Structures are given as structure tokens and as C-alpha cells.
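Undergrad: Predicted model and sequence below, questions to follow.
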Amino acid sequence: MAANGTAKPPRIPKYRLHKPSGRAVVTLLGRDVYLGEYGSPESRAEYDRVIGEWLAKGRAIAVAGDEVTVNELILAYCRHAESYYAKPDGSEGRESEIIKLALRPARKLYGRTAAKDFGPTALKACRQEFVKRDLARGVINQHTNRIRRMFRWAVENELLPAEVHGALAAVPGIKRGRAGVRESEKIRPVPQELLDAVLPRVSSQVAAMIRLQLFTGMRPGEVVQMRPCDIDRSEKVWTYTPAHHKTEHHGHERVVLLGPRAQKVLGPFLDRAPEAPLFSPKEAEAARNAKRRLERVTPMTPSHAKRKPKRKPEKAPRDAYDVTSYRKAIAQTCAALEIPNWHPHQLRHNAATEIRKEFGAEMARIILGHRHLKVTEIYAENREGAARHAPPGGGAARVRPGRRRAASRDGPSRGLPQGEAGRARGRNRPELMIARASGHRQRLRGERVHQARGQGEVPRARSLLIALVTTFFRVRVDARPPSPMIDPRASPEPPENARS
């Protein structure tokens, strides 16, 4: 791996002379492969064939399948994964890192075993190592499949006979309810009281990333890599295009809309070079040290004042956050406050739930950048929570005097106030709210939202999204009392006619 994080170009072993025998030789992963008489056309052709097969097999060792050990197979497969799952800029992808973690039990238990002898019993033994580490059932099955996928790749490249992978495919995944294997808990939005406790205690950089996720529904990996050059500020609603995102390998485009409140959060961090990250741990550490120096009670001694920072400290703060350091900053604050820990990915569920509550699941899908509505249903909480807090007896909620009930008493609007009844009957559909907010007078049918996925409706879909961000993140939010999850100092005062 190069110093800038990009992968080095692969080095091709050279065609060499073996002096004792006078033959041509090439060394592949520590093993000599003899090619014939040195300098002859036949040896040159043999060298090209051996190197071609070696590269086609993912730089795996070019020997018979019965000689390949599990260690050699792991080494060859990891090299293949580094190039196959690399990011567009050439840096190592997250999946290749996870593959290396998943293959550790196989290397530990069966590293010197012949790969052709690795059978279902060996796979179950590796799976038991994951169980001992108290991993969730879904993670255990995923790691087991990664081991199985390595042997499928070996069969594909003729390193092992097909029967090896066929035997491993017969091992089923762990079913739900097995004793001794825990289930992963469903991810829920962060409770409001936990947000209120953490926001004042974290650095301004971490607090800004938390607020941006709440306003936009970004993933943690998208918010930590924000740079000024990735933000288009030419329009009233800014757009942010991440350099990398989760579904870029599928050819999907990810555009995040930044409304007025998100723009106010970003304002103090935009005065930097276009390529520099907006949120830097180095700046956060410098601000923390400056604050400690100001709050110092005893005077600094002359020796302390003359002390210079180390040129090469063991743990120097980096220039940009990643998902792990962002999560650890929140976890350390939760531990110091002795409150339940939560992770930044839950904030995406907060934003999805709020957008779904206001505008419906379809608009939540568009804002979150999902391709299918089923994925959005995982992130956005439904109305079961509201049903649990319904009045006892199953009756309709009480309405304050002076508010008329809906005229119809049979449909889903029965027993609701007039505004809520209109929403239940479809009068305040999300697409109609957006149309009114953006100045359109004609009513849009619900099918327009689905037609916006076509190539001809992209400009209209973009205008609807911009109107949604302008309305939801400014008018509808600011019209309410200030939410405790938002720092009042960073929020504009709500206008008196916000509802008008």
C-alpha cells in the first residue's frame, strides 16, 4: 500500500538465469519454476504462459492443487480481494478488510493443512470460533460464507477440484433460535434524551456531523468525508455529492440536499482549502488543548512553556475523521456520562422516521437515496409506536373544543381532527405539499413520484426534492418550538408566519 493510501502496481517476477543448471527460472511466491534452456524461444514462451496463468489466478501460486496449503490459498485470495474490492481511486475497500478478519480462524486452525483436505468439519470448526467471540448470528453466517467464497474462487481458478467447494456448500447457515448464539438487535432511532446529553459534551466537529445527519439522513461514511469542493453552493438549496458512497459499485449516483439549517451548521467549516476535509480531528484536538490552557488554574511553569511538540508522536491526530473514529468519539462521551451507548448510524434512522412521519415513506426513500421502498421501511419507524400510546379502550383521541371532526365517519379519518383527517384521506399527500411549497398550482397525481424515476422526469423530480428540503428543513421544523436535539445557538429564530 502506498503512502497516499492507493494500491501499488503489481510487481511481475523477472525471467532469470539459474547459474548452476543453466536453465531459465522464475520465482513465484518463494517457489522456483524452471522454464527450459535460458535464452531460448521455448523458455520465453513458457515464461509468458506461467506468468499469464499466475496473474489470471489472482497472483496465486501456479502449482498442482494437491500442493496448495490453506495459508497459500488465503494469501492468494487476499491479494485478489484487494484488487477486486478496491475503490475507484485504488485504495483498499472495506470488504477486503472484512475478508481478512473472516479468514483468521482458517489460518489459525488449518494454515498448514492442504487446501483440498479442508472439508465441512473444518468449516464448522471455524464457525465455532466466531461463536466463541460472541458475534451475532447474522455476522457469523456472513463470515462463514466468506470462507466458503474463497474456496469457490479457488475452484474457479483451477487451484482446487470442484468437489472441495461442493462439500463446503452442504454446510447450512445457523438458524434462528440456536442456543448459545445471540441475535442482533434491531437498530432504532437515538432517544432524544441521549442526544441532549451527548451534543454539549462532544467537540464542535462531532456535534456538526451529528446535526447534519439529523437534517439530511446521510450515512456516517458520507458525512465524515465532506469537502468544500464536493458541495455545490450555486443554488438556494445546496447539493453535496460524496466522492465515495455505499452503492457506487452498482453505478448509482448519490446526491445529498442541504437545506437552510444544514447550511448554517456547515458555515463555520467552509473557510479552508477546497480539497481539505471539513471535519478534522487535528482541529478538534487543538481546540480542546486551547480550552484546557485557558481554564488552567495554576500558572504554567517556564519549562512547560518552552516545551515543543514531538516531531513523530506515537498517536498523532489525523486530518480527517473516519467512521470508526467518529463512532469512538460518541462512545467515549457516552461512557464518560454513564449513559447507554449509541452509534452514528442510528441518526439515519432518526431522519428517516421524521421524514416518513411528515411526508410519507416514498419521500423518505428519495431523500435517503434508496432504490427500493423495502429498504426505507427498515430505516423509518412506522406508526406502531403511536398506536402503543393511544388512549385506553381503543377509542378515538380527544379533540380540543372548537376543532371540527372529519365529516366522514367510516374511513381511516374517523375520529380525527380536520387537518389529520385530510391527511388520512390523501388531501395532504406529500407530492401535493411539495407542489404547493414550490409554487406549483396544479395538483400532481401520486404516479408522478414513480414516473420521476424515468429519464424524462429527472428535472421535475429534482425540483420536487429541492422544494421538499426547503419546506421540511426550514418551514415545518422552524415553525415548531426549538427541538432539544438542536443547539438553539445554531438554529435560526422561527418566523412568526412560518405556518402561513
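TA: Here it is on my side, so go on. Numbering: from 1, shown residues only.
Undergrad: Check residue 160 and give its pLDDT.
TA: Per-residue pLDDT puts residue 160 at 90.
Undergrad: Can you pull up the most central residue in this structure?
TA: residue 221 (4.9 Å; Cα atoms, centre = their mean).
Undergrad: what packs against the strand or helix carrying that residue?
TA: Residue 221 belongs to helix 220-223 when assigned by DSSP states H and E. Under the contact criterion of 3 or more Cβ pairs under 8 Å, 6 or more residues apart in numbering; DSSP states H and E, helix 220-223 touches helix 204-216, helix 323-337, helix 345-359. Quick note: C-beta positions are derived from backbone N, CA and C, even for glycine.
Undergrad: Swap in 7 Å and give it another go.
TA: The contact analysis (3 or more Cβ pairs under 7 Å, 6 or more residues apart in numbering; DSSP states H and E) places helix 220-223 against helix 204-216, helix 323-337.
Undergrad: Can you say which of these is nearest to residue 167?
TA: helix 323-337 (37.0 Å; Cβ to Cβ).
Undergrad: The closest one - what's its average pLDDT?
TA: Average pLDDT, helix 323-337: 93.
Undergrad: what do you get for stretch 118-138?
TA: Rounded mean pLDDT across stretch 118-138 is 93.
Undergrad: Alpha carbons of it, as CSV, please.
TA: Output of stretch 118-138 as CSV, limited to C-alpha atoms (Å, rounded to 0.1, in the frame of the first residue of the first chain):
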residue,chain,number,x,y,z
PHE,A,118,-10.4,-28.6,4.1
GLY,A,119,-13.9,-30.1,4.5
PRO,A,120,-17.3,-29.4,6.2
THR,A,121,-15.9,-30.3,9.6
ALA,A,122,-13.1,-27.7,9.3
LEU,A,123,-15.6,-25.1,8.2
LYS,A,124,-17.8,-25.8,11.3
ALA,A,125,-14.7,-25.5,13.5
CYS,A,126,-14.0,-22.1,12.0
ARG,A,127,-17.6,-21.1,12.6
GLN,A,128,-17.4,-22.2,16.2
GLU,A,129,-14.5,-19.7,16.6
PHE,A,130,-16.9,-16.9,15.6
VAL,A,131,-19.4,-18.2,18.2
LYS,A,132,-16.8,-18.0,20.9
ARG,A,133,-16.2,-14.4,20.0
ASP,A,134,-19.9,-13.7,20.8
LEU,A,135,-20.7,-12.4,17.3
ALA,A,136,-24.3,-12.1,16.2
ARG,A,137,-25.8,-14.9,14.2
GLY,A,138,-26.0,-12.9,11.0
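Undergrad: Outside of it itself, list whatever touches it.
TA: 70, 105-106, 109-110, 140, 143-144, 147-148, 164, 167-168, 170-171, 174, 176, 180-184 (Cβ atoms under 7 Å, 6 or more residues apart in numbering).
Undergrad: If any of those residues are buried, put those into a PyMOL selection.
TA: In PyMOL, this line selects whichever of the contacts of stretch 118-138 come out buried by 16 or more other Cβ atoms under 10 Å:
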select buried, resi 70+105+106+110+140+143+144+147+164+168+171+174+181
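Undergrad: Next step: the contacts of stretch 118-138 restricted to helices.
TA: Judged by DSSP state H, these include 70, 105-106, 109-110, 140, 143-144, 147-148, 164, 167-168 as members of helices.
Undergrad: Any idea how many residues pack against residue 357?
TA: If you count neighbours by other Cβ atoms under 10 Å, residue 357 ends up with 14.
Undergrad: Could you check how far it is from residue 348?
TA: According to Cβ to Cβ, to the nearest Å, residue 357 and residue 348 sit 15 Å apart.
Undergrad: can you check residue 207 too?
TA: Counting by Cβ to Cβ, the gap from residue 207 to residue 348 is 17 Å.
Undergrad: Show me which of the two is the more surrounded one.
TA: Each of residue 207 and residue 348 has its neighbours counted (other Cβ under 10 Å); residue 348 has more, 23 against 18.
Undergrad: What is the burial count for the nearest residue to that one once chain neighbours are set aside?
TA: Excluding the flanking residues, the one nearest residue 348 by Cβ to Cβ, 6 or more residues apart in numbering is residue 217, at 5.5 Å. For residue 217, the count of nearby residues is 25 (other Cβ under 10 Å).
Undergrad: if we can go back for a sec, wait, the residue nearest to the centre of the chain sits on residue 321?
TA: No: judged on Cβ atoms under 7 Å, residue 221 makes no contact with residue 321 at a distance of 10.2 Å.
Undergrad: so residue 152 makes contact with residue 165?
TA: Yes: using Cβ under 7 Å, residue 152 is in contact with residue 165, at 4.9 Å.
Undergrad: Any idea how many residues pack against residue 202?
TA: Using other Cβ under 10 Å, residue 202 has 17 other residues around it.
Undergrad: Kindly report the same for residue 35.
TA: For residue 35, the neighbour count with other Cβ under 10 Å is 23.
Undergrad: Verify the contact between it and residue 48 for me.
TA: No: contact criterion Cβ under 7 Å: residue 35 and residue 48 do not qualify, at 9.7 Å.
Undergrad: what pLDDT does residue 355 get?
TA: So, for residue 355, pLDDT stands at 85.
Undergrad: Check the gap between it and residue 379 for me.
TA: The gap separating residue 355 from residue 379 is 10 Å, by Cβ to Cβ.
Undergrad: show me where pLDDT drops low in the chain?
TA: 1-10, 29, 57-66, 380-500 (pLDDT under 70).
Undergrad: for it, what spans make up the strands?
TA: Per DSSP state E, the chain carries strands over the ranges 16-18, 23-28, 31-37, 231-232, 238-240, 256-258.
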